[in-house]
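> sequence and predicted model, in that order:
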Amino acid sequence: MAEEKKSKEELAERIREISASEGVRFPPSLASELEKKLRSLKVSPQEVTKVTREVAHRYRKAEVDAHESVGIIAAQSIGEPGTQMTLRTFHYAGVAEMNVTLGLPRLIELVDARRVPSTPMMTVYVEKRLRADREAVEKIALQIEVTTVPDVAATGTVVEELKVIVTPQVELMRARGVKRSDLEVALAENIDPREFTVTNGSGSGEGRAFELHIAEASSAKKSTEEADERPFQRLLEASEEAKAIRIKGITGIKRALIKKEKDEYVIYTEGSNLDGVLGIDGIDATRTTTNSVFEIYKVYGIEAARAALILEASRTLSEQGLGVDIRHLMLVSDVMTNEGDIRAIGRHGISGKKTSVLARAAFEITAAHLLRAAITGEVDELKGVAENIIVGQPITLGTGAVNLIYRPTVSLAKAEAK
Amino acid sequence: MTQGLSKKIRSLQFAFLSPDEVRRMSGVKIITADTYDDDGYPIEMGLMDLHLGVIEPNLRCRTCGGRVNECPGHFGIIELAMPVIHVGYSKEIKRLLLGTCRACGRILPDAPSGRSEASADVDEPTARIREPKEERVCPHCHEVQQKIILDKPTTFRENGHKITPKEVRARLERIPDEDVKAMGLNPKFGRPEWMVLTVLPVPPVQVRPSITLESGERSEDDLTHKLVDVLRINQRLRENRDMGAPQLVVEDLWELLQYHVTTYFDNQTSGIPPARHRSGRPLKTLSQRLKGKDGRFRSNLSGKRVNFSARTVISPDPLLSINEVGIPVEVARALTVPLEVTPHNQELAKEIVKRGPSPANAPGYVCGVNYLVREDGQRIKVMEKNADACAELVQPGCVVERQLLDGDIVLFNRQPSLHRMSMMAHFVRILPHKTFRFNLCDCPPYNADFDGDEMNLHVLQSQEARAEAKVLMKVEEHILSPRYGGPIIGMLHDHITAAFLLTYQNPTFTRAQVTYLLSKLKFPIPPPAGTDKEGQEYWTGKQLFSLTLPTDLTIEFRSNIWNRCDCAPMSCTHDAFVVVEKGVLKAGTIDAKAIAFGKGAILDAIARNNGPARARQFLDEMSRLAITAIGLEGLSTGIDDEDVPENARKEITKALEGARSRVNELVDMYRHNKLEQMPGRSLEETLEVQVRRELGQARDTAGDIAGRYLGLENPAVILAKSGVRGSMLNLTQMAGAVGQQSVRGERLLRGYYGRTLPHFERGDLGADARGFVSSSYKQGLRPTEYFFHSMGGREGLVDTAVRTSRSGYMQRRLINALEDLSVADDETVRNTAGTVIEFRYGEDGIDPARSFQGQAVPLDEVLTSVLGRRVKPNVDSRGEPITGAPPVGEEEMDLLAEAQLEEEAEEEEVEEFGGAEEGPDLGGE
């Protein structure tokens, strides 16, 4: 074992040396793949040199040219296939029950850096020991999913007696894993005792109803402050309020579905709350993820957000069967996350913060930018593309980035004289 | 003639114009609101005063003495009787008023800061100005501050009393420079009081030319109209004020002056009605000139009109190289290339000039000359009559503008220009007839077809531009797309069909046939592959195809027709495993997977390993071979290719009938509440999901039954299976059943109350009532089915229309955000501010266009070629070897094919309506 490790390291070192002598720095992924392949083929040392040289040679040939306008190429490579994308939302692959925004709207959403995606969604994995245990996973799912009062109980109002009746449905409660006591706690926590008193109603055991009466004190107070408000109006409001009460679950998660993937159960959720879900026991925090880039940024920071942007964009594109090189997506994500927070592509983000007045004016809200520029006495250094096009000069990218001056060693006149 | 860049603008400084500066730059004071007198001569001190510049011939500018085209124009001035607020700065003025003492002008401790550098959001610059809540006292002079509100757009009120612009100006004047600085303004480039106007610069006439209508009537520019209004009111205001008219009258006029000046700057200011032309059309004033897509910035500054360009309809010519473009003689005669005369080419230049602008086309096309530019810059139009005289004038230092010649390099472009391959450099071939022509392989990058498309052509005018075009923009340089590491230029349609016919099961050809096949190529006839029983020599198709391959090409991959069989590579019974060794096709069928754009493995390998020039040669030769080959045998498909036998028809009907009754069962179950609800779905949704699944299966079954009778001998199937055009789904719809129509991903629903059409019962949830089309295209659709099909089709149309505009805007934003990024010399990616965006481009510094499907180096290929032994190729998730370039997945090709079909359907429809075939802007075809 140790020997194998040693030979592995030696080979890796040799690859590094040879490529360095060729003036090339391999990325780790390429180096390790080459090392793995060479090892599995059991090649001679001379052959290692030959192969590595050739790889290095080809690598050099494939490198980008200096001053290449990679930004524009990235923008074109992402924008051009946009015309071929669909506009509709689709059912998520495998989970027919859920709608997920895909295609062009999703791509626009990513590029816009919206705080909340139009269809937030999480993929929750569980710890290794629970993976195959459907019941355990279901339990976790129930913990995550928000359960509100109407999910487990029927509510009604009795106007004559000025009360709201909440009748727990035993079967629904069992399905949701809620006990009557949970409901009681939730009601107690969310209803202002100064306004309503909660008492036990008819029925027995788990199914015994709760009654919400308007409190004496509150009606007394009402007589002074809100004399004209009718008590039954307040009652109806209270019944609506009671319906919104969350008994358990994580805010924002509307639904949690379980799906078997290979040999493990995975929870898919409608709605997203990464911070909340990570606090649940039994989930695998290393793999659990969300499609809300902003939440990832909040929880894990900017580098994770960058990775999430790349992943989401490339997934959106490949789902549509469109091949776009990942380097283009990386560049867009890097631009968006460069300042440490997520900035949108557009007038509120990157384009609005450009240094050049002319470039901003040419993009959107022309007059405002020009007027502002005068106030602060701004200077346009004419370094970018749009500005130079506007004033009619060669742009500063590509061949415009370099100047070549030819100084003949012999003057032409002299040469002709000879 | 000046060459190169003589001067370069390093930077631009933005600043206010001070009233003094306005006066200093003014050529004349404008007083009269009139423009021309009865003779049509500009009135002095009027808006068309000759001091402002001239736009009519035969007049001289009174300021600089120049004539038309010499005089650049000069500003004038209107002295305003009373000051007025500049609309663009009313919010800024409010901020300053709130932030400084009303008495002493010093800054107050809690002055609203304006925007900080970080959040310079111009959208709502002063949205963040918070009204100070408490009563404030100036720490410098102890003056109690009052509440100030801005009554949009330009009225200020303090405790409900109006502050006149005059007073506003007085207050702003009191702010000392250092406090101005503290408020975020730069007093060096503008004092705040300049935001209240006392003088108005009058733009030169060149900026607002009047036009003479056909009737001889003069029509003034919108700006002139607006200035007339300003002058008129200004005059009245001055008179009234000087006469000591009642305060009320003066104030009314003052406000009217404010209105006119406001609309002169921006006629879309919210809160005031736009000034209108007599016809009722709102005037286009200063702000409107700059703003928006048709404004100065986006329309004239970011994109400019050019000379030396041409536009006409395009058509195909398979005999041209992909690097060439065919140009009509008429166009070639109108476009010129500057030819600098030197002692060396003097005689030649004279010779060409002598021919004049339209030399006789005797033995073929020869170029003529349109203009002669002498050393002093004088341009002489060369005509038949003066050609000889002009020739005499030719001497070193002149420039002769000669007409196009074969071999000139030009730029060729088709809108919408979505990527850099939308504009490529071609070499000129001057041809008869009136269209631009190019090789069909160039269609995909331009996204062109020949149903009436037009394209633009630009002739390069400098050596530098020509050199850059030749090195960077030639078509062959763009065979590999930077979007994915694969070819975007490649074979399509007939080319692939021909390659298929030529190689599938390796047919043989007689000497006569081979002679014909190679007639368009320069290859010698190769030695025959063998002799048949009768002693006749024969050649094989694979042998002929191999002629086009470079001799060092070695590659293995599976054909498009591969049907998941696992035969050994060399002995595949379906001929679906391509083996090329040292440039010889040993086995396999050449189809879309080998040579098509987007995924052609052979094409990709040639372009990467043998270089763009060799790839171009391959494409040129292959397309010539292909079109002759398809001419030898041909391939036609027609309506009877989708014929299926009677018993199959019956079988399909039975299958569909079964599905229909199963759907009815489902509906019954739903009605009787016996349907088992799916988790997280309502009962209705459950029914819909199951019905859709059932009907989807029904269509597939129908397709499978039909498919059994459609084999590879069927031309339509060949087209689909070899990846030329269409898919098996299309054939299913033609021969089997069209299937469920949908709108918004659901079965059809809308129309009448409770039903889709009056042919059905209300609440009918069955297959037929909700848009299932059980007929095939071949059979023809029943009227209700036809209607449903149109519903689905309409959605597609709306979808594409919306999509083009949405994705167009997204691309504009992306370009704007990323346009300044480039790779620096130290291989970092930086923006113009010098900020590092990436330390190494794409984390590995590899150019996607030079990558192997995104991989930096194709290791297996290297290993195989260096070690000389076969290395187990990479295998993708489906167990298919990754060779060639399938970055454009098969799904995409299917999608593309479908999208194209849809597109074509659209085009037909558009043409039926007689609409323009070029949509607006990005609408395209």
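Sure thing, it's come through.
> how about the strands in the stretch 51-200 of chain A?
Taking DSSP state E, counting those that start in this stretch as the criterion, the stretch 51-200 of chain A carries its strands at A:90-92, A:95-100, A:121-124, A:147-148, A:153-158, A:163-168, A:196-200.
> run through the residues that contact residue B:843.
Residue B:843 sits next to A:27, A:327, A:330 when contact means C-beta atoms under 8 Å, 6 or more residues apart in numbering or on different chains. From N, CA and C alone the C-beta is placed, and that goes for glycine too.
> one more: residue A:350?
Residue A:350 makes contact with A:335, A:336, A:343, A:344, B:817 under the criterion C-beta under 8 Å, 6+ apart.
> which of the residues you listed sits closest to residue B:200?
Distances from those to residue B:200 were compared by C-beta to C-beta; the smallest belongs to residue B:817, at 37.8 Å.
> next helix or strand past the helix or strand hosting the closest one?
Assigned by DSSP states H and E, residue B:817 belongs to helix B:783-818. Using DSSP H and E, the next helix or strand after helix B:783-818 towards the C-terminus is strand B:822-823.
> can you name every helix or strand that that following strand contacts?
The elements that strand B:822-823 packs onto, with contact taken as 3 or more C-beta pairs under 8 Å, 6 or more residues apart in numbering or on different chains; DSSP states H and E, are helix A:70-79, strand B:829-830.
> out of the ones you listed, which is closest to residue B:587?
Residue B:587 lies closest to helix A:70-79 among the helices and strands packed on strand B:822-823, at 35.9 Å (C-beta to C-beta).
> tell me what angle that closest one forms with helix B:783-818.
Angle, helix A:70-79 to helix B:783-818, by axes from the mean of the first three to the mean of the last three C-alpha atoms, to 10 degrees: 170 degrees.
> quick one: closest of the helices and strands packed on strand B:822-823 to residue A:107.
Of the helices and strands packed on strand B:822-823, nearest to residue A:107 by C-beta to C-beta is helix A:70-79, at 7.6 Å.
> which elements pack onto the closest one?
helix A:326-337, helix B:783-818, strand B:822-823.
> just those: most buried one?
Mean neighbours per residue, mean count of other C-beta atoms under 10 Å in any protein chain shown, is largest over those for strand B:822-823, with a mean of 26.
> quick check: domain ranges of the chain?
Looking at chain A here, since you left the chain open. The record's domain parsing of chain A by automatic domain parsing lists A:2-62, A:68-119+A:291-353, A:147-248, A:357-401.
> that answer is for a different chain, and I need it for chain B
Chain B breaks down into these domains under automatic domain parsing: B:82-114+B:129-195, B:487-632, B:639-797, B:889-920.
> can you add mean pLDDT and give these back as TSV?
Listed next are those as TSV, based on pLDDT from 0 to 100:
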stretch	mean pLDDT
domain B:82-114+B:129-195	83
domain B:487-632	89
domain B:639-797	88
domain B:889-920	40
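> deepest of these, which one?
Most buried of the domains of chain B, by mean neighbour count (mean count of other C-beta under 10 Å): domain B:487-632, with a mean of 20.
> now residue 188. Nearest residue, chain neighbours left out?
Chain wasn't specified; assuming chain A. Spatial nearest neighbour of residue A:188, chain neighbours left out: residue A:198 (6.3 Å); criterion: C-beta to C-beta, 6 or more residues apart in numbering or on different chains.
> not quite, I wanted chain B
Nearest-residue entry for residue B:188: residue A:377, 6.1 Å, with adjacent residues in sequence omitted and distances by C-beta to C-beta, 6+ apart.
> next, the contact list for that neighbour, please.
Contact analysis of residue A:377 by C-beta under 8 Å, 6+ apart lists B:13, B:14, B:15, B:185, B:186, B:188, B:189, B:190.
> among those, which ones are in strands?
residue B:13 (DSSP state E).
> hmm, back to that, looking at the strands of the stretch 51-200 of chain A, which one has the lowest mean pLDDT?
Lowest mean pLDDT within the strands of the stretch 51-200 of chain A: strand A:90-92, at a mean of 53.
> any idea which of the helices and strands packed on helix A:70-79 scores lowest on pLDDT?
Mean pLDDT is lowest for helix B:783-818 out of the helices and strands packed on helix A:70-79, coming in at a mean of 90.
> sorry, back to before: tell me which of the domains of chain A lies nearest to residue B:489.
Residue B:489 lies closest, by C-beta to C-beta, to one member of the domains of chain A: domain A:68-119+A:291-353, at 14.8 Å.
> show me where the stretch 1-150 of chain B has helices.
Remark: helices assigned in the stretch 1-150 of chain B by DSSP state H, counting those that start in this stretch are B:19-25, B:90-99.
> chain A is nearest to which of those?
Closest to chain A of the helices of the stretch 1-150 of chain B, according to C-beta to the nearest C-beta: helix B:90-99, at 6.2 Å.
> the closest one near chain A at all?
Yes. Residues of helix B:90-99 contacting chain A under C-beta under 8 Å from any C-beta of the partner chain: residue B:92.
> I'd like the distance from that helix to the chain centre, please.
Remark: helix B:90-99 is offset 42 Å from the chain centroid, using C-alpha atoms, centre = their mean, to the nearest Å.
> show me what that helix is packed against.
The contact analysis (3+ C-beta pairs under 8 Å, 6+ apart) places helix B:90-99 against strand B:148-151, strand B:155-158, helix B:165-174.
> restrict stretch A:27-43 to CA atoms and write it as CSV.
In CSV, the C-alpha atoms belonging to stretch A:27-43 read as follows (Å, rounded to 0.1, in the frame of the first residue of the first chain):
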residue,chain,number,x,y,z
PRO,A,27,-4.6,22.1,-13.5
PRO,A,28,-4.8,19.4,-10.7
SER,A,29,-7.7,17.6,-12.4
LEU,A,30,-5.7,17.0,-15.6
ALA,A,31,-2.5,16.1,-13.8
SER,A,32,-4.3,13.5,-11.6
GLU,A,33,-6.2,12.0,-14.5
LEU,A,34,-3.0,11.7,-16.5
GLU,A,35,-1.3,10.1,-13.6
LYS,A,36,-4.1,7.6,-13.1
LYS,A,37,-4.2,6.7,-16.8
LEU,A,38,-0.4,6.3,-17.0
ARG,A,39,-0.5,4.1,-13.9
SER,A,40,-3.3,1.9,-15.2
LEU,A,41,-1.5,1.4,-18.5
LYS,A,42,1.8,0.5,-16.8
VAL,A,43,4.0,2.4,-19.2
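> right, I'll leave it there.
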